[in-house]
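K.L.:
make a model of this:
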Amino acid sequence: MEFRIFNRDSATRARSGRITTGHGAIETPVFMPVGTAGTVKAVHQRELSDDLNAKIILGNTYHLYLRPGIDIIRQAGGLHRFMNWSRPILTDSGGYQVFSLASIRKLTREGALFSSHIDGSKHLFTPEKIVDVQRVIGADIIMALDECTPYPCEHKEALKSIELTHQWLERGYSHFRNTEPLYGYEQSFFPIVQGSVYKDLRDMSAREICKYPADGYAIGGLSVGEPEDVMYEMIDVVTDILPDERPRYLMGVGTPVNLLEAIARGIDMFDCVMPTRNGRNGMLFTSKGVMNMRNNKWKDDFSELDPDGACYVDHHYSKAYLRHLIISKEILGAQIASLHNLSFYLWLMDEARKQIQAGTFGPWKTRMVQQLITRL
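P.N.:
Model prediction:
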């Protein structure tokens, strides 16, 4: 994998660049639509590539491991072929999903023992097994196994957690270096910074993972309930330490405002279920603010969804029609809303890149944040 930085904003730490993988190039900053189980919910692969022009999507090791299972994906020739997607894929290690199963999992130095949420069967994720599973899935970028602490948590709990994450990283990194990709193209391995909301632990974790030469580095364990200003503070601590010449991936974040604030702090990559999940529930993100499509005010509003936006569906359907679909629980409503929100997120990244290239990102971000927090 190659990463090149082309432009930097003088007023912030924002930068624009390009990641090149075996399945194509990715312009950064970039938002990755979440395709947890080999599908971005309610969105066809053709729409992702042709209409939205998404350059990379995300899959999840935990969910794909349990269903359809690694044997099926191996027989298909990897996730790209299984789901008919020719562009890059990143897979999360499943650490966050195991974290969310607090009542049915046990963490040890060996790994994470958990019960399947599907049938209750027992499984053990070790750092080595996670690498092997992601080798079979065949993602271009794969993640180290880590533990995500809840919020709030005590300092001693967070310290114990990062020590475990760092032990797992040493084993996972070594196993990655001693194994080969399966499908004729290279894979990149990203370590993950943890440390909850404690500056000293984030600093410690960032310095530790930098000991491992990697194609990129991720920041995990944020946007789990902590105040936004605390999240931004943790990002600042970590980006001061992570190598400038490598892409930085902020995992599971977040709102459009979160993305812009993180870009200003030097983040290059994002993923979040928010655009599709909120869309299915009738919330639309637009260039002028947020719309709740269940509100009565849209009942007889026949104007376009976002006249100034860049989503190709916006000029075909009215607010009144989408509200009708959402209220009626029609599948098409979830599709249109998901397409709109994903298109908006991708448009926002495109605009951020343009502003960085023009040297105007700082003042543009300030204006956009005020618009994006508006409730329409």
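K.L.:
quick one: average pLDDT of stretch 94-110?
P.N.:
Across stretch 94-110, pLDDT averages out at 78.
K.L.:
name the residues of it that are buried.
P.N.:
94-99, 105, 107 (16 or more other C-beta atoms under 10 Å). In short, each C-beta sits where N, CA and C put it, glycine included.
K.L.:
just these: which are in strands?
P.N.:
Among the buried residues of stretch 94-110, DSSP state E puts 105, 107 in strands.
K.L.:
please tabulate the buried residues of stretch 94-110 in a markdown table, including the columns distance to residue 140.
P.N.:
Converted to a markdown table, these look like this (distance: C-beta to C-beta, whole Å):
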| residue | distance to residue 140 |
| --- | --- |
| 94 | 17 |
| 95 | 19 |
| 96 | 20 |
| 97 | 21 |
| 98 | 23 |
| 99 | 24 |
| 105 | 28 |
| 107 | 28 |
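K.L.:
for residue 291, state which of the buried residues of stretch 94-110 is nearest.
P.N.:
Taking C-beta to C-beta as the measure, residue 291 lies nearest residue 96 of those, at 29.0 Å.
K.L.:
looking at it, that closest one is touching residue 271, isn't it?
P.N.:
No - assessed by C-beta atoms under 8 Å, residue 96 is found out of contact with residue 271, at 11.0 Å.
K.L.:
which neighbours do these two share?
P.N.:
251-252 (C-beta atoms under 8 Å, 6 or more residues apart in numbering).
K.L.:
now do the helix-or-strand element of the chain with minimal mean pLDDT: distance to the chain's middle.
P.N.:
The weakest-scoring helix or strand in the chain, judged by mean pLDDT, DSSP states H and E, is helix 95-99 (a mean of 74). The chain centroid and the centroid of helix 95-99 are separated by 14 Å under C-alpha atoms, centre = their mean, to the nearest Å.
K.L.:
what do you get for stretch 136-155?
P.N.:
With C-alpha atoms, centre = their mean, you get 12 Å for stretch 136-155.
K.L.:
end-to-end on that stretch?
P.N.:
This stretch, stretch 136-155, spans 37 Å end to end (C-alpha to C-alpha, to the nearest Å).
K.L.:
kindly report the same for stretch 53-69.
P.N.:
29 Å.
K.L.:
who's the spatially most central residue of the chain bridged to?
P.N.:
Residue closest to the mean C-alpha point of the chain, counted by C-alpha atoms, centre = their mean, is residue 271 at 1.8 Å. Note on residue 271: beta-bridge partners residue 32, residue 253, judged by DSSP bridges.
K.L.:
how's this structure carved up into domains?
P.N.:
29-272, 279-372 (automatic domain parsing).
K.L.:
which residues touch residue 321?
P.N.:
residue 302 are the contacts of residue 321 under C-beta under 8 Å, 6+ apart.
K.L.:
can you tell me how far it sits from residue 300?
P.N.:
11 Å (C-beta to C-beta, to the nearest Å).
K.L.:
what ranges does the stretch 201-350 of the chain have for its helices?
P.N.:
Here the stretch 201-350 of the chain has its helices, by DSSP state H, counting those that start in this stretch, at 228-239, 256-263, 274-280, 319-327, 331-358.
K.L.:
hey, which of these is tucked in deepest?
P.N.:
Of all these, helix 256-263 carries the top mean neighbour count, a mean of 24, counting by mean count of other C-beta atoms under 10 Å.
K.L.:
for that helix, packing partners?
P.N.:
helix 228-239, helix 331-358, helix 361-372 (3 or more C-beta pairs under 8 Å, 6 or more residues apart in numbering; DSSP states H and E).
K.L.:
which elements pack onto the last one?
P.N.:
Under the contact criterion of 3+ C-beta pairs under 8 Å, 6+ apart, helix 361-372 touches helix 256-263, strand 289-292, helix 331-358.
K.L.:
the second one now?
P.N.:
Using 3+ C-beta pairs under 8 Å, 6+ apart as the contact criterion, the neighbours of helix 331-358 among helices and strands are strand 2-8, strand 15-21, strand 30-32, helix 256-263, helix 274-280, strand 283-286, helix 319-327, helix 361-372.
K.L.:
again with the first one
P.N.:
Helix 228-239 makes packing contacts with helix 199-209, strand 217-219, strand 248-250, helix 256-263 when contacts are defined by 3+ C-beta pairs under 8 Å, 6+ apart.
K.L.:
can we see that at 6 Å?
P.N.:
helix 199-209 (3 or more C-beta pairs under 6 Å, 6 or more residues apart in numbering; DSSP states H and E).
K.L.:
how many neighbours does residue 124 have?
P.N.:
12 (other C-beta atoms under 10 Å).
K.L.:
tell me the SS of it?
P.N.:
Following DSSP: H, G, I helix; E, B strand; the rest coil, residue 124 is assigned to strand.
K.L.:
ok, it touching residue 114?
P.N.:
No - between residue 124 and residue 114 there is no contact under C-beta atoms under 6 Å: 8.0 Å.
K.L.:
return the backbone torsion pair for the residue with the largest distance to the centre of the chain.
P.N.:
Taking C-alpha atoms, centre = their mean, the residue of the chain most remote from its mean C-alpha position is residue 300, at 35.9 Å. The phi and psi values for residue 300, taken as degrees, to the nearest 10, are phi -120, psi 30.
K.L.:
need the contact list for it.
P.N.:
Taking C-beta atoms under 6 Å, 6 or more residues apart in numbering, we find residue 300 in contact with residue 320.
K.L.:
look up how far residue 9 lies from it.
P.N.:
43 Å.
K.L.:
excluding its backbone neighbours, what's nearest residue 79?
P.N.:
residue 137 (4.8 Å; C-beta to C-beta, 6 or more residues apart in numbering).
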